[in-house]
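Student: Sequence plus the predicted model coming up.
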Amino acid sequence: MMDVHKPGPKLGSKEISKPADFTAPDKLFDRLIQAIKKYHPSTDLTMVEKAYKLAYEAHGEQCRKSGEPYIIHPLCVALILAELELDKETIVSGLLHDVVEDTDYSYEDIEREFGGEVALLVDGVTKLGQLNYSKDKLDVQAENLRKMFLAMAKDIRVILIKLADRLHNMRTLQYMKPEKQKEKARETMDIYAPIAHRLGISKIKVELDDLSLKYLKPDVYQELSTAIASRKSEREKFIASIVKDVKRHIDDAGIKAEIDGRVKHFFSIYKKMVNQDKTLDQIYDLFAVRIKVDTVKDCYAALGVIHEMYKPIPGRFKDYIAMPKQNMYQSLHTTLIGPQGQPFEIQIRTFEMHRTAEYGIAAHWKYKEGKSGAVDKEEEKLSWLRQILEWQQDMSDNKEFLSLLKTDLDLFAEHVYCFTPMGDVKNLPNGSTPIDFAYSIHSAVGNKMVGARVNGRQVPFDYVIQNGDRIEIITSQNSRGPSRDWLSLVKSTQARSKINQWFKNEYKEENIQRGKELLERYCKAKGIVLAPYLKPEYMKKVEKRYSCKDWDSVLASVGHGGLKEGQVVNRLMEEYRRIHEKNITAEEILEGMKENGEKHEKIHASKSGIVVRGMDDVAVRFSKCCTPVPGDEIVGFITRGRGISIHRTDCVNVLGMSESDRARLIEAEWLLEGENSTELYPTEIVIYANNRTGVLNDVTKVFLEMKIDITSVTTRTSKQGRATLCIRFNITGVDQLNRVITKIRNVESVIDIERTAG
């Protein structure tokens, strides 16, 4: 018997309502026990039963928004973990994952009853449960992500429990308000589904994707569902006939195999339609037949049989066995023409490869009688997580970390496979150069790089790596380190991060001194006396705002270009004014407008998408000089008779303001950000490229594929053959803009991209 007795759940921690008629908890628990016994070699599940009883007692009368008893949620989370065949400690932690957060049980109670391992897992998930990805401030989101990856580093099972928790929440999302549905779905698609993909857990990833699409694009989801269902029987007959024919030929060849067929999941189909600008009928691999065999040798033997049966489509064969994906996925993919001319895909893999494809990193937990569950020590399988943790240690700038992370989580970026001189395979983003390759080996190799050979021939630094290239990096101890020009050549986030970090570390003292000089020079040019603003109370606010550990870090960031000196000075002065000066009120602004005889359009925050501190009813307009979009750091400027003008904080007009004008700046922030908003906002980028025939066509094709409207394009070419393209277009926010820029960087000949800042 347990010696811990508590009065019950914390009031207000979860929705309390009258329970509806749902599956009885005891029936779900019986299902959980049966699921565990399928792979668990022991019948002693006392710990699991004990955890269920404690969770049942702890959550008491709590109910979810659906009306079902709250205990149903941790039971479903534990059931998902059992379907992944995870160890007993993980399943127990799944049952208890909300107990510490939502009831009066403490970490110490859990540790006393279930041991330190379970307590640490519950504590890790509890901290993740407190994360909030809907905050407008990018640095808050980045800080929360840092916490998540640190928890994963201590024990990867923390994120497995969190993924199971998120999956069940997405399955029951229909009980949430529409705006909450979209917020959770966006968070899932941006963060959790990509993490599941990176960890190779297809079983969870595909369902998270489909459920996110259901709430983010309900019309698209319904259209796909209807279109696929309308010809369901016809498609099932087609797949059944293919499976039957394939099985007969495979059996005749003496290959032992399991064969099944399916229609691909909705999100996969939707992304192909969007990226390839095709209709449902034009998607080649809508159908997939999967062949599972015992050995790698049987995989290639089965491929030979299949290519004798059906005509393969040229260019549609991929060998992920010889060159696995970064998330451990291995399989042979080939697209073929069926008997009636219908294209379909066949995937061939071993049973072990299939287990890894479905369960990813979770497939490497083996239950050991009398011991805790443990992951096999296959360090290379966690290389992505180690890379993220390196970034965390290297970067003080939260926004830079967030930008690199989102780029790295881009599931649909093209990749290229190449080889080291010893024959090891490297997987790099499409468009990568030998510099990317060098940093993928080790930062020391990249920092000492002086040249490269590809297939035995010396190549320039900007050589674009092709599939199958064999690359040798030439290093020298006399190398002075990377060049800043390399930043415009590399494509991988790892290389970009390491190069930036080298400059920050190598020249920190010089950067601090340069930062001081830039601040002083800026203030002298603007007639600002800096001394009154360099007080600890103002400096601390600036340090916190830009995620710097001390003032030297702020100066170093200014020195190496991470921050603009005008931004820092403006922030210091704003903190000063907040304490010492009287803010101009909304009534004064409206009075000024009245004096000018101008009409005031009543714009609420929900319509303009902007919240101005202390003002609920004031005209807000977006400046044309810097075209701010949701996700940008912004500031309001109190105009004379025209309400509030919204600028980006790095707008040259804001940075160049006189001290008297700067007194009219006021805090502003976005109410909605990025794709949570349905509004479109104009923005402009400048693309620098080596001129060649078709470069403009290749760039505009990116916008066409992403279904983004271009409103204007201007181009010019220098005598040196350098092309400059100014493109103005409409977007939903910074996230979409970053995806556009990432894709354009992969266009051949593109050197650099800048966003206009006024």
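Tutor: Received the coordinates, thanks.

Student: Tell me the spacing between Glu258 and Phe351.
Tutor: 8 Å (Cβ to Cβ, to the nearest Å). (Glycine included, C-beta is placed from N, CA and C.)

Student: where do the contact lists of those two overlap?
Tutor: Residues touching both Glu258 and Phe351 by Cβ atoms under 8 Å, 6 or more residues apart in numbering: Lys292.

Student: which residues are in contact with stretch 295-307?
Tutor: So stretch 295-307 is contacted by 246, 249-250, 253, 255-257, 291, 293, 321, 332, 334, 336, 346, 348-350 (Cβ under 8 Å, 6+ apart).

Student: Show residues contacting stretch 743-758.
Tutor: With Cβ under 8 Å, 6+ apart as the test, stretch 743-758 has contacts from 413-414, 429-431, 464, 488, 491, 623, 625-627, 647-648, 650-654, 683-692, 695, 698-699, 702, 705-706, 722-723, 726, 737, 741.

Student: before we move on, what about stretch 167-177?
Tutor: 64-66, 73, 76-77, 80, 181, 184-185, 188, 204, 207-208, 211-212, 215.

Student: one more time with 10 Å
Tutor: When contacts are defined by Cβ atoms under 10 Å, 6 or more residues apart in numbering, stretch 167-177 is touched by residues 15, 64-68, 72-80, 94, 180-185, 188, 192-193, 196, 203-205, 207-208, 210-212, 214-215.

Student: Tell me who's in contact with Cys258.
Tutor: No Cys there; residue 258 is Glu. Lys247, Ile250, Arg290, Ile291, Lys292, Val293, Phe351, His354.

Student: top of those residues by neighbour count?
Tutor: Ranked by neighbour count (other Cβ atoms under 10 Å), the contacts of Glu258 have Ile291 at the top, with 26 neighbours.

Student: That residue: which element?
Tutor: Ile291 belongs to strand 287-293 when assigned by DSSP states H and E.

Student: Report pLDDT for Leu671.
Tutor: At Leu671, the predicted lDDT confidence score is 65.

Student: Distance to Gly360 and pLDDT for the contacts of Glu258 - can I get that in JSON lines?
Tutor: Listed next are the contacts of Glu258 as JSON lines, based on distance: Cβ to Cβ, whole Å; pLDDT from 0 to 100:
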{"residue": "Lys247", "distance to Gly360": "28", "pLDDT": "92"}
{"residue": "Ile250", "distance to Gly360": "27", "pLDDT": "93"}
{"residue": "Arg290", "distance to Gly360": "17", "pLDDT": "92"}
{"residue": "Ile291", "distance to Gly360": "21", "pLDDT": "94"}
{"residue": "Lys292", "distance to Gly360": "17", "pLDDT": "94"}
{"residue": "Val293", "distance to Gly360": "21", "pLDDT": "94"}
{"residue": "Phe351", "distance to Gly360": "16", "pLDDT": "92"}
{"residue": "His354", "distance to Gly360": "12", "pLDDT": "89"}
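
Student: rewinding a little: would you mind checking the contacts of stretch 743-758 for buried ones?
Tutor: Taking 16 or more other Cβ atoms under 10 Å as the criterion, what is buried in the contacts of stretch 743-758 is 413, 429, 431, 464, 491, 623, 625-627, 647-648, 650-654, 683-685, 687-689, 691, 695, 698-699, 702, 706, 723, 737, 741.

Student: re earlier: hmm, which of the contacts of stretch 167-177 are the buried ones?
Tutor: Applying 16+ other Cβ under 10 Å to the contacts of stretch 167-177 flags 64, 66, 68, 72-80, 94, 181-185, 188, 192-193, 196, 203-205, 207-208, 210-212, 214-215 as buried.

Student: Out of these, list just those in helices.
Tutor: Mapping those onto helices (DSSP state H) picks out 72-80, 94, 181-185, 193, 196, 203-205, 207-208, 210-212, 214-215.

Student: OK, contacts around the closest residue to Arg496 other than its chain neighbours?
Tutor: Leaving aside its sequence neighbours, Arg496 sits nearest to Val490 (Cβ to Cβ, 6 or more residues apart in numbering; 5.4 Å). With contacts defined as Cβ under 10 Å, 6+ apart, Val490 is in contact with 428-429, 431-439, 446, 461, 482, 496-499, 745.

Student: Restricted to helices, list these.
Tutor: Pro434, Ile435, Asp436, Phe437, Ala438, Tyr439, Gly446, Arg496, Ser497, Lys498, Ile499, Arg745.

Student: residue boundaries of the helices in the stretch 601-750 of the chain?
Tutor: With DSSP state H, counting those that start in this stretch as the criterion, the stretch 601-750 of the chain has helices at 605-608, 652-655, 659-662, 695-705, 734-745.

Student: ah, wrong one, I meant the stretch 401-550 of the chain
Tutor: Taking DSSP H, counting those that start in this stretch to define them, one finds helices in the stretch 401-550 of the chain at 434-441, 443-447, 493-506, 508-526, 536-545.

Student: highest average neighbour count across the ones you listed?
Tutor: Looking across these with neighbours counted as mean count of other Cβ atoms under 10 Å, the highest average goes to helix 434-441: a mean of 25.

Student: Report the mean per-residue pLDDT for that one.
Tutor: Throughout helix 434-441, pLDDT has a mean value of 92.

Student: again with stretch 189-205
Tutor: 82.

Student: go on, stretch 266-283?
Tutor: Average pLDDT, stretch 266-283: 70.

Student: Can you pull out the low-pLDDT segments for the stretch 101-250 of the chain?
Tutor: 127-154, 231 (pLDDT under 70).

Student: Just the helices from it, written as ranges.
Tutor: Going by DSSP H, counting those that start in this stretch, the stretch 101-250 of the chain shows helices at 107-114, 116-129, 138-154, 157-171, 178-187, 193-198, 202-216, 218-230, 232-252.

Student: can I get these in CSV with distance to Gly456?
Tutor: Formatted as CSV, those follow (distance: least, Cβ to Cβ, whole Å):
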stretch, distance to Gly456
helix 107-114, 60
helix 116-129, 49
helix 138-154, 40
helix 157-171, 43
helix 178-187, 48
helix 193-198, 34
helix 202-216, 39
helix 218-230, 49
helix 232-252, 42
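
Student: Quick one: closest of those to Gln477.
Tutor: For the helices of the stretch 101-250 of the chain, the distance to Gln477 is smallest for helix 138-154, at 32.9 Å, taking Cβ to Cβ.

Student: picking that back up, save the ones in helices among the contacts of Val490 as a markdown table, and put in distance to Val274 too.
Tutor: Below are those laid out as a markdown table (distance: Cβ to Cβ, whole Å):
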| residue | distance to Val274 |
| --- | --- |
| Pro434 | 33 |
| Ile435 | 31 |
| Asp436 | 27 |
| Phe437 | 31 |
| Ala438 | 34 |
| Tyr439 | 31 |
| Gly446 | 35 |
| Arg496 | 27 |
| Ser497 | 29 |
| Lys498 | 33 |
| Ile499 | 33 |
| Arg745 | 20 |
